[in-house]
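1. model this:
(one chain, ligands or ions: 1)
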Amino acid sequence: MTEDALRREFGDRFGREPRVSRAPGRVNLIGEHTDYNDGFVLPIAIGMSTRVAFAPVPGRELIVRSTAFPQADVRLAVGGDRARRGDWSDYVQGVLWSLEAASVRVPAAALWIDSDVPLGAGLSSSASLEVAVGGALLALAEHSMPGEELALACQRAESEFVGTRCGIMDPFASRLGRDGAALLLDCRSRQLTAVAMPPAVEVLIVHSGVRHDLAAGEYNRRRSECETAVGVLQALDPRVGSLRDVDPSLLERARGRLGRVGYRRARHVVGENTRVLAFVEDLRAVDLEAAGRRLFASHASLRDDYDVSCAELDALVEIARGQEAVLGARLTGGGFGGCTVNLVRAGHGPLVGDRIAAEYERRAGRRPERWITRAAPGATVD
Ligand code: GLA
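-> Predicted coordinates for the structure are as follows:
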């Protein structure tokens, strides 16, 4: 739905002109499963976004509707205790819970939500929903909050209220995205550095068509496996506070104690952090071939050491590897389905996308959706 249509429908139903809060999805270029290990990530915000039309209404409730789930309005009391409902509205309720815990007094209001970020595709539909709702609730409460703080409130909503113990990457990218630049985020210090995207490349996203569901448990299991590995490494070196602090020599010394799974999980995170920083240097030096090779290496590590790929994602990466204009490709986001991100020579995205789609359809029996995206700005409210 267009934003104008959303405004119109809202106006027809509530008899008043709404304001609109928007927040983009994101695609992560490199740095996967590193955010909750205090490491580095490099996402860009994308052109697809969630929009929330909103206005205050009389009463003591938020009246929430999503065009993706149009069956009925959801009514959420403002203030007081909350319980999960087990559906999409938990993301809205989670943000309300998180902001109320930060002393934001949200008045009764109507919120109509529309999004073109595909669900379960690894493009952060949930963070874009949370950040867009957060922007709307702050505006309704006439409460100003720095972008970093809103991003952290959204992360708390998802990890403590909804129950996916995600890291900070997605809400940071959605809230603080920069036009034309990737965001190098140090997830320990939360320092954000904009890294200009070289004009010689474009970013092609290809959807495997396999929907992932992070709340399903594998994601949280990876987190626990990392925590267990940190415990083992700490016994060898008390300075280790997270996998961020581990270098390859300590990792090798700990190999026997870590066990096969712990060792491979830790090896992915240690290698991935190094790859993110090297990839940033490659972009700055416009060494695009080197940058591309790091994407392939990241995919191999996620597939072989972190065990978060699947046959469809592996096929998309292998097909991409056969395309001359593709510099590199990897799964993006949590994994277990969703999308690949492809770094492609500028101008070649549409043709390469068609070729990858045709070959994938031949192998997997379904035609993948795909998008060429530039690095987009973060959330806005007006
Ligand atoms: C999901 C989480 C992020 C991050 C990625 C994996 O997108 O929400 O915090 O952990 O998975 O890199």
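2. mind listing the strands for the protein?
-> 19-30, 40-56, 61-66, 69-77, 109-115, 181-186, 192-196, 201-207, 326-331, 339-345, 370-373, 380-381 (DSSP state E).
3. Can you check which of those strands gets nearest to Ala297?
-> Proximity to Ala297, assessed across the strands of the chain by C-beta to C-beta, is greatest for strand 326-331 (8.4 Å). No exception for glycine: its C-beta is placed from N, CA and C like everyone else's.
4. want to try TSV for the strands of the chain, with mean pLDDT, distance to Thr164 and mean neighbour count as columns?
-> Compiled in TSV, those are given as follows (pLDDT from 0 to 100; distance: least, C-beta to C-beta, whole Å; neighbours: other C-beta atoms under 10 Å):
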stretch	mean pLDDT	distance to Thr164	mean neighbour count
strand 19-30	98	16	27
strand 40-56	98	17	24
strand 61-66	95	19	21
strand 69-77	88	19	13
strand 109-115	97	18	24
strand 181-186	98	19	22
strand 192-196	98	23	15
strand 201-207	98	20	24
strand 326-331	98	18	27
strand 339-345	98	18	27
strand 370-373	98	24	20
strand 380-381	98	25	14
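5. Make a markdown table out of the ones you listed and add distance to Ala266.
-> Below are these laid out as a markdown table (distance: least, C-beta to C-beta, whole Å):
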| stretch | distance to Ala266 |
| --- | --- |
| strand 19-30 | 18 |
| strand 40-56 | 16 |
| strand 61-66 | 39 |
| strand 69-77 | 40 |
| strand 109-115 | 36 |
| strand 181-186 | 19 |
| strand 192-196 | 26 |
| strand 201-207 | 29 |
| strand 326-331 | 20 |
| strand 339-345 | 24 |
| strand 370-373 | 32 |
| strand 380-381 | 39 |
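6. and the longest helix anywhere in the chain, does that touch the ligand?
-> The residue-count maximum for a helix in the chain (DSSP state H) belongs to helix 248-285. No - remark: helix 248-285 sits outside contact range of the ligand, by C-beta under 6 Å from any ligand atom, the gap being at least 8.9 Å.
7. Let's test this: mean pLDDT of that helix, rounded?
-> Across helix 248-285, pLDDT averages out at 98.
8. What are the buried residues along it?
-> With burial defined by 16 or more other C-beta atoms under 10 Å, the residues of helix 248-285 counted as buried are 250-251, 254, 258, 262-273, 275-280, 282-283.
9. So which bits of the stretch 251-382 of the chain are right by the ligand?
-> When proximity is defined as C-beta under 6 Å from any ligand atom, the stretch 251-382 of the chain approaches the ligand at Gly333, Gly334.
10. so what's Arg264 closest to, chain neighbours aside?
-> Asp305 (4.1 Å; C-beta to C-beta, 6 or more residues apart in numbering).
11. Next one: the one you found from the ligand, what distance?
-> Separation of Asp305 from the ligand (C-beta to the nearest ligand atom, to the nearest Å): 14 Å.
12. next one: Gly25
-> Using C-beta to the nearest ligand atom, Gly25 is found at 11 Å from the ligand.
13. Equivalent analysis for Pro377, please.
-> Noted for Pro377: a distance of 20 Å to the ligand, by C-beta to the nearest ligand atom.
14. okay, the residue of the stretch 1-150 of the chain found nearest the ligand: pLDDT?
-> Of all residues in the stretch 1-150 of the chain, Glu32 sits closest to the ligand, at 3.9 Å by C-beta to the nearest ligand atom. We have a pLDDT of 98 for Glu32.
15. Report the separation between the closest residue to it other than its chain neighbours and Glu369.
-> Nearest non-adjacent residue to Glu32, counting by C-beta to C-beta, 6+ apart: Leu302, 5.8 Å away. According to C-beta to C-beta, to the nearest Å, Leu302 and Glu369 sit 21 Å apart.
16. Between those two, which is the more surrounded one?
-> Higher neighbour count among Leu302 and Glu369: Leu302, with 22 against 15, using other C-beta atoms under 10 Å.
17. dump the residue contacts of that one.
-> Leu302 sits next to Glu32, His33, His268, Val308, Ser309, Arg330, Leu331, Gly335 when contact means C-beta atoms under 8 Å, 6 or more residues apart in numbering.
18. I'd assumed Asp314 was in contact with the last one.
-> No - with contact defined as C-beta atoms under 8 Å, Gly335 and Asp314 do not form a contacting pair (11.0 Å).
19. The residue in the stretch 201-350 of the chain that the ligand sits nearest to - how many residues pack around it?
-> The stretch 201-350 of the chain approaches the ligand most closely through Gly334 (3.5 Å), counting by C-beta to the nearest ligand atom. Neighbour count of Gly334, defined by other C-beta under 10 Å: 23.
20. my guess is it meets His212, correct?
-> Yes - using C-beta under 8 Å, Gly334 is in contact with His212, at 6.2 Å.
21. Now for those two: what residues contact both?
-> With C-beta under 8 Å, 6+ apart as the test, Gly334 and His212 both reach Gly122.
22. Just the pLDDT for Gly241.
-> pLDDT, Gly241: 98.
23. check contacts around it.
-> Gly241 sits next to Asp38, Val230, Gln234 when contact means C-beta under 8 Å, 6+ apart.
24. mind listing which of the residues you listed are in helices?
-> Per DSSP H, the contacts of Gly241 map to helices at Val230, Gln234.
25. Just put the contacts of Gly241 in CSV and tack on distance to Leu111, neighbour count and pLDDT.
-> Listed next are these as CSV, based on distance: C-beta to C-beta, whole Å; neighbours: other C-beta atoms under 10 Å; pLDDT from 0 to 100:
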residue, distance to Leu111, neighbour count, pLDDT
Asp38, 34, 19, 98
Val230, 39, 22, 98
Gln234, 44, 16, 97
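26. Could you single out the nearest of the contacts of Gly241 to Gly167?
-> Asp38 (9.1 Å).
27. Tell me if I'm right that the closest one and Leu185 touch.
-> No - in this structure Asp38 lies outside contact range of Leu185 using C-beta under 8 Å: 11.2 Å.
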